[in-house]
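> What follows is a predicted protein model with its sequence.
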Amino acid sequence: MKDLTKGKPSKIILYFALPILIGNLFNLAYNLADTRIVGTYLGNDALAAVGSISTLNDLLVGFVVGLANGFAVITAQYFGKGKKDIARKIFALSLLIGVLVTALIVVASLTFMDGMLNWMNVMEEHRAASTQYISIIIAGLFFSVFYNVLAGNLRAIGDAYTPLIFLIISAGLNIALDILCVKYLAMGVGGAATATVAAQAVSAVLCFIYTWKKYDFLHFKIQDLVPKKCYVKPMLESGLSMGLMSSLVSFGTLSLQTAINKLGTNTIVAHAATRKLTNLYMLPFSVLGTTMATYCGQNYGAGRYDRIKAGLKSALGYSYIWCVLVVIASYTICPYLIVTITDTKIQEVIDTACLYQRVDTLFYLLVPTISILRNSLQGMGDHITPIFSSGLELAGKVIIAAVLTPVIGYWGIIAAEPAVWIIMVIPLIISMIRRMRMAKTMN
């Protein structure tokens, strides 16, 4: 366990963020390997089939992860107050509510699958493979929420290194099973999805066993699973807020994907590849955001607003340095990275993907500001402003997908995110300034 209310903020944040970063790098490595394996053994059409519904995957998984992290924020607040008995109750209810909410998502998604794929304009030649892949992923969301609730609560009590171990195990197992299912068992894109779900299941079980053996104060009893309004209300406010925050972002990207799916196979593949690279570039931002949610949660619970301010300065400083490195990479080694991800030799795919990177990375300073501020605000109990900000992103992307893309093609997709970043960062900055001023008067 690690108490984030003590020690130098800049060092504490790095210490806490590093294992999350490494774990996510392994997870991203699997996603990149998955793309490469599908592209190498199944071809461009299979890659396009997976790419055409990748944003739907991100939407559903993102909500589950956000829900789990939101529950963990409440755990962090009580842990910061020194109330371990209540932290245990939150942990137990997180598992219960997480599974129940996920069940609703799974049933609804599988029921309305055809309608969603129609709305996304998934091409007929990709429909069967896309349906097979995403259906398996959706069915496996139970393992995803189970693992993420465990990992989120471990981070909430300051243990950021244990989730790293299980992420590494999951990523390695993912890649091995991917090759087995796709190359040797010839299971097609369904094999790639099956490998993902199986690896998540193993990781979830191992993480639960470790948590139960290591932390006695998290040993919950049947009575801890009985919902009480005083606990469930803040949990749902935080969990649904962070889940919706993530989903609104993903839903906006999904809206863009509906327009991209009309631009042809090469554009679909190019965008799928450039999104994988974007996920790599933005990984430090999301990691620092996750870190700051827990960091601010503990310090908010302890009333240490001075540490929150110092932590924000450090987190933003680290991320801005990374932004400079990303821009340099986009204008130098981008083509080689796209080829590595897709194994493609089609120049149109490479050029289209690189064009996206070279324009959008110029606006990257906005991205960590958004990620860090909205997660920090969640940790400080503000569940409204982050959702409002994400709602602005959704509205902007929907409008651009409907209006600009039919007129200027892929340039509409390229322009979409920088435009909405500029808009959505404004309420986050205003809210954070107000909260820090209020904290100053309280001190």
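The structure has been received and is ready for your questions. Bear in mind that the values here come from a model prediction, so they are computed numbers and not experimental data.
> who touches stretch 159-170?
1-2, 15-20, 22-24, 26-27, 30, 147, 150-151, 154-155, 199-200, 202-203, 206-207, 210-211, 214 (C-beta atoms under 8 Å, 6 or more residues apart in numbering). (C-beta placed from N, C-alpha, C; glycine too.)
> in the protein, which residue is closest to the centre?
By C-alpha atoms, centre = their mean, the chain has its centre lying nearest to G62, at 4.9 Å.
> Assign a three-state SS to it, would you?
helix (DSSP: H, G, I helix; E, B strand; the rest coil).
> surely it meets S247?
Yes: judged on C-beta atoms under 8 Å, G62 makes contact with S247 at a distance of 6.1 Å.
> Setting aside sequence neighbours, what's the nearest residue to the residue nearest to the centre of the chain?
S246 (3.9 Å; C-beta to C-beta, 6 or more residues apart in numbering).
> Could you do Y210 as well?
T162 (6.2 Å).
> do the same with R307
The nearest residue in space to R307 (C-beta to C-beta, 6+ apart) is N299, at 4.7 Å.
> quick one: the host helix or strand of that neighbour to chain centroid distance?
Here N299, judged by DSSP states H and E, is contained in helix 265-302. Relative to its chain's centre, helix 265-302 lies at 6 Å (C-alpha atoms, centre = their mean, to the nearest Å).
> Enumerate the positions of whatever helix or strand the residue nearest to G62 lives in that are buried.
Take DSSP H and E as the rule and S246 turns out to sit in helix 229-260. Buried residues in helix 229-260, counted by 16 or more other C-beta atoms under 10 Å: 231, 234-260.
> In contact with the residue nearest to R307, which residues are there?
L4, T5, G80, Y305, R307, I308, G311.
> ranking the residues you listed by neighbours, who comes first?
Using other C-beta atoms under 10 Å as the neighbour test, the contacts of N299 are led by L4, with 29 neighbours.
> How confident was the prediction at the nearest residue to that residue once chain neighbours are set aside?
Excluding the flanking residues, the one nearest L4 by C-beta to C-beta, 6+ apart is Q298, at 4.4 Å. At Q298, the model reports a pLDDT of 83.
> and Q298, how many neighbours?
Neighbours around Q298, by other C-beta under 10 Å: 30.
> which SSE is G412 in?
helix 410-442.
> what is the orientation angle of that helix with helix 265-302?
0 degrees (axes from the mean of the first three to the mean of the last three C-alpha atoms, to 10 degrees).
> so how far is helix 410-442 from its chain's centroid?
For helix 410-442 - counting by C-alpha atoms, centre = their mean - the centre lies 19 Å from the chain centre.
> about what we covered before: pull out the buried members of the contacts of stretch 159-170.
Buried residues within these, counting neighbours by 16+ other C-beta under 10 Å: 2, 15-17, 19-20, 22-24, 26-27, 30, 147, 150-151, 154-155, 199-200, 202-203, 206-207, 210-211.
> which residues does the residue nearest to G409 when sequence neighbours are not counted contact?
Leaving aside its sequence neighbours, G409 sits nearest to L263 (C-beta to C-beta, 6+ apart; 6.5 Å). Each residue near L263 by C-beta under 8 Å, 6+ apart is listed here: T405, G409, Y410.
> What pLDDT is listed against L263?
Note on L263: pLDDT of 83.
> do you know how far it is from G412?
L263 is 10 Å from G412, where distance means C-beta to C-beta, to the nearest Å.
> Find residues that contact each of the two.
Joint contacts of L263 and G412 (C-beta under 8 Å, 6+ apart) are T405.
> show me where pLDDT drops low in this structure?
Flagging of the chain using pLDDT under 70 yields the residue ranges 1-3, 439-443.
> contacting residues around I74?
I90, Y231, P234, M235, S238, G297.
> what's the following helix or strand after whichever strand or helix holds it?
Using DSSP H and E, I74 falls within helix 54-80. As assigned by DSSP H and E, the chain's next helix or strand after helix 54-80 is helix 84-111.
> how distant is that next one from the center of its chain?
Averaged C-alpha coordinates place helix 84-111 at 18 Å from its chain's average position (C-alpha atoms, centre = their mean).
> Start and end of stretch 339-350, how far apart?
Using C-alpha to C-alpha, to the nearest Å, the end-to-end distance of stretch 339-350 comes to 7 Å.
> Give the buried residues for that stretch.
The neighbour-count check on stretch 339-350 (16+ other C-beta under 10 Å) flags V339, I341, T342, D343, T344, V349, I350 as buried.
> now, the most widely separated pair of these?
D343 and I350 (11.5 Å; C-beta to C-beta).
> Do I have it right that I341 meets A33?
No: using C-beta under 8 Å, I341 makes no contact with A33, being 9.6 Å away.
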